[in-house]
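Enquirer: sequence-free structure coming up:
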Ligand SMILES: Nc1ncnc2c1ncn2[C@@H]1O[C@H](COP(=O)(O)OP(=O)(O)O)[C@@H](O)[C@H]1O
Ligand SMILES: CSC[C@H]1O[C@H](OP(=O)(O)O)[C@H](O)[C@@H]1O
């Protein structure tokens, strides 16, 4: 018999008092539900001075943004907590700290990051965090390397793959990224004016073949413990600091998926900027986004290479030149996955504020068209791009 019940604000306060690890838990007095994501309840728990001190997050037995007609496993809370705990072990400076997890209630208690801001909002407002991209590269290099066959003993790696089997959440990604945009589906959501571009997606056999290969690798390549949904809304930033949250899509998948999702979201912002900021500021912010992608790419590559040099345990994977060969494949995958993120956020169920909050209809449509054209091109040319300079040059071609 399950003890699950949906938390009220009062429950959240009691839970935070009991499990928040504060020296003075009685000072916690009230809570507010602030969840703005697609899936879960998130409570901020405040003290008697009105300061938010602890976060209590609970999975609902359905998809929040759709409702009870779309039931969803509560086990996603365990997968989120365990992924973040594993990532914290390898990169505490860039991962939110999970303080407590209860599987029956699907509730976790975590570090309050209210002094940070969600990166997506900052990117939309034109606020620049010059270290964020390189910190995100550091986070992904650390967590992907330390959960890969380069580092883990083969037995431990296989046990970890089993612990992080996440079929229900993976199915959402499999459908939303790789199926829906390429067929007529009731979940799709795009303006009528985009119909001819969207019909062209359905008819493009080369594109669909490339998407099939990306989906197949997502199904079958258990390379590392991914965050699984590392978009700019899953990243908190502050001056010189960055922390990842929201890892309920975590599982062992192709290492290029996370860097691809991150780059895809920087590019969605790039596409939206002309509709978000005045002309001159938008042009400057676009250059910053391209510089962000460069920083992210270089940091990830250099850190992963350095970790592989110092810490590879497997004899064959330690062969000189193998890490570079592996990383070339990771980047080819990442470019393809970035393309699928651009497309699914434009025509699929779940959009991004970087484009949807553009108030001028014609401008928003132009930005959506650019995202689609860029997404398509990236999927098709992914395997031909060998370094970030070539990648940036290709992005500029679609501007
Ligand atoms: N550790 C945290 N500290 C402060 N605010 C948080 C924290 N975690 C989540 N939030 C707030 O809750 C919102 C939704 O959280 P998120 O984990 O993205 O939920 P979902 O799983 O539903 O997508 C975030 O955008 C942020 O405003
Ligand atoms: C039906 S879930 C849609 C979408 O929502 C997730 O994002 P988030 O939880 O961060 O809001 C994820 O990107 C899913 O693809």
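Expert: That came through fine. This structure is a prediction, so every number in the text was calculated from the model and none was measured. Ligands and ions are numbered 1, 2, ... in the order given.

Enquirer: before we move on, which element is the residue of the stretch 1-150 of the chain found nearest ligand 1 in?
Expert: Closest contact between the stretch 1-150 of the chain and ligand 1, by C-beta to the nearest ligand atom, is at residue 37 (1.9 Å). C-beta coordinates here come from the backbone N, C-alpha and C atoms, glycine included. Using DSSP states H and E, residue 37 is not contained in any helix or strand.

Enquirer: For it, list the residues it contacts.
Expert: 64, 233, 246 (C-beta atoms under 8 Å, 6 or more residues apart in numbering).

Enquirer: can you put the residues you listed in CSV and add distance to residue 218, pLDDT and secondary structure?
Expert: Formatted as CSV, the contacts of residue 37 follow (distance: C-beta to C-beta, whole Å; pLDDT from 0 to 100; DSSP: H, G, I helix; E, B strand; the rest coil):
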residue, distance to residue 218, pLDDT, secondary structure
64, 24, 94, coil
233, 21, 98, helix
246, 19, 98, coil
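
Enquirer: Return only those of those found close to ligand 1.
Expert: residue 246 (C-beta under 6 Å from any ligand atom).

Enquirer: Rebuild the contacts of residue 37 as JSON lines, extending it with distance to residue 166.
Expert: Formatted as JSON lines, these follow (distance: C-beta to C-beta, whole Å):
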{"residue": "64", "distance to residue 166": "18"}
{"residue": "233", "distance to residue 166": "20"}
{"residue": "246", "distance to residue 166": "14"}
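
Enquirer: what's the domain layout of the chain?
Expert: 9-111, 117-397 (automatic domain parsing).

Enquirer: As TSV, the ones you listed with distance to ligand 2 would be great.
Expert: Formatted as TSV, the domains of the chain follow (distance: least, C-beta to the nearest ligand atom, whole Å):
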stretch	distance to ligand 2
domain 9-111	4
domain 117-397	4
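
Enquirer: Can you lay out those as CSV showing distance to residue 3?
Expert: Below are the domains of the chain laid out as CSV (distance: least, C-beta to C-beta, whole Å):
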stretch, distance to residue 3
domain 9-111, 4
domain 117-397, 20
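
Enquirer: Outside of stretch 295-310 itself, which residues are in contact with it?
Expert: Against stretch 295-310 from outside (C-beta under 8 Å, 6+ apart): 133-138, 140-142, 144-146, 150-151, 259, 262-263, 266, 317-318, 323-324, 327, 331, 388, 391.

Enquirer: Kindly recompute the last result at 6 Å.
Expert: Contacts to stretch 295-310, defined as C-beta atoms under 6 Å, 6 or more residues apart in numbering, come from residues 133-134, 136-138, 140-141, 145, 150, 323, 327, 388.

Enquirer: Widest-spaced pair of those?
Expert: 133 and 150 (23.6 Å; C-beta to C-beta).

Enquirer: out of the two, which sits in the busier spot?
Expert: Each of residue 133 and residue 150 has its neighbours counted (other C-beta atoms under 10 Å); residue 133 has more, 26 against 23.

Enquirer: Is the closest residue to the more buried one other than its chain neighbours within a helix or a strand, and which one?
Expert: Nearest non-adjacent residue to residue 133, counting by C-beta to C-beta, 6 or more residues apart in numbering: residue 292, 3.8 Å away. Using DSSP H and E, residue 292 maps to helix 279-311.

Enquirer: Would you mind listing the buried residues in the next helix or strand after that helix?
Expert: Sequence order places helix 322-347 as the next helix or strand after helix 279-311, per DSSP H and E. By neighbour count, with 16 or more other C-beta atoms under 10 Å as the criterion, the buried positions of helix 322-347 are 323, 326-327, 329-347.

Enquirer: Pull out the buried positions in stretch 346-360.
Expert: Here stretch 346-360 shows 346-349, 351-355, 358 as buried, counting by 16+ other C-beta under 10 Å.

Enquirer: Establish whether that stretch and ligand 1 are in contact.
Expert: No: under the criterion of C-beta under 6 Å from any ligand atom, ligand 1 is not reached by stretch 346-360; the shortest gap measures 10.1 Å.

Enquirer: May I have the distance across that stretch, first residue to last?
Expert: End-to-end distance for stretch 346-360, by C-alpha to C-alpha, to the nearest Å: 16 Å.

Enquirer: can you list contacts of that stretch?
Expert: With C-beta under 6 Å, 6+ apart as the test, stretch 346-360 has contacts from 124, 176, 180-181, 187-190, 198, 268-269, 272, 275, 345, 364, 367-368, 371-372.

Enquirer: do you know how far residue 87 is from residue 97?
Expert: 11 Å (C-beta to C-beta, to the nearest Å).

Enquirer: The two - which one has more neighbours?
Expert: Comparing residue 87 with residue 97 by other C-beta under 10 Å, the one with more neighbours is residue 87, at 27 against 15.

Enquirer: give me the element that one is part of.
Expert: Going by DSSP H and E, residue 87 is in helix 75-90.

Enquirer: and that helix, what's its mean pLDDT?
Expert: Helix 75-90 shows a mean pLDDT of 98 in the predicted model.

Enquirer: That helix versus helix 279-311: what angle between them?
Expert: Angle of helix 75-90 versus helix 279-311, following axes from the mean of the first three to the mean of the last three C-alpha atoms, to 10 degrees, is 70 degrees.

Enquirer: just checking, what packs against the next helix or strand after helix 75-90?
Expert: Sequence order places strand 98-102 as the next helix or strand after helix 75-90, per DSSP H and E. Packing partners of strand 98-102 (3 or more C-beta pairs under 6 Å, 6 or more residues apart in numbering; DSSP states H and E): helix 75-90, strand 107-111.

Enquirer: For those, please prepare JSON lines with the additional fields distance to residue 29.
Expert: Output for the helices and strands packed on strand 98-102, formatted as JSON lines (distance: least, C-beta to C-beta, whole Å):
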{"stretch": "helix 75-90", "distance to residue 29": "25"}
{"stretch": "strand 107-111", "distance to residue 29": "16"}
